[in-house]
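Asks: dropping a prediction and its sequence here:
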Amino acid sequence: MPSPSTNALAACPICGKPTVDRYRPFCSARCQEVDLGRWLKGGYRMPTEERPEGSIGEPEDNEPAGRD
Ligand SMILES: [Zn+2]
């Protein structure tokens, strides 16, 4: 009795249901979207925390004064 399906340990990380080969590693397209949404949410926060310390405190004294 061969057992080609080695995804016995694979369970949907979203709902815990058995993984469906088509939507691996999830059980359905819905869970796939849920995970994707989480991923994007987390990804959006990362670049926001990074602040370029170069444009802060820049002197705006580049305009020629004394232009009558
Ligand atoms: Zn699921």
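Replies: That came in fine, so what should we check first?
Asks: mind listing the helices for this structure?
Replies: Using DSSP state H, the helices assigned to the chain run over residues 29-49.
Asks: which residues of it score low on pLDDT?
Replies: 1-9, 43-61, 65, 67 (pLDDT under 70).
Asks: around the ion, which positions in it sit nearby?
Replies: 12, 14-15, 17, 27, 31 (C-beta under 5 Å from the ion). To be clear about C-beta, it is placed using only N, CA and C from the backbone, and glycine gets the same treatment.
Asks: redo these as TSV? Include neighbour count and distance to residue 39.
Replies: Listed next are the residues of the chain next to the ion as TSV, based on neighbours: other C-beta atoms under 10 Å; distance: C-beta to C-beta, whole Å:
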residue	neighbour count	distance to residue 39
12	21	15
14	17	12
15	12	17
17	12	19
27	21	17
31	20	13
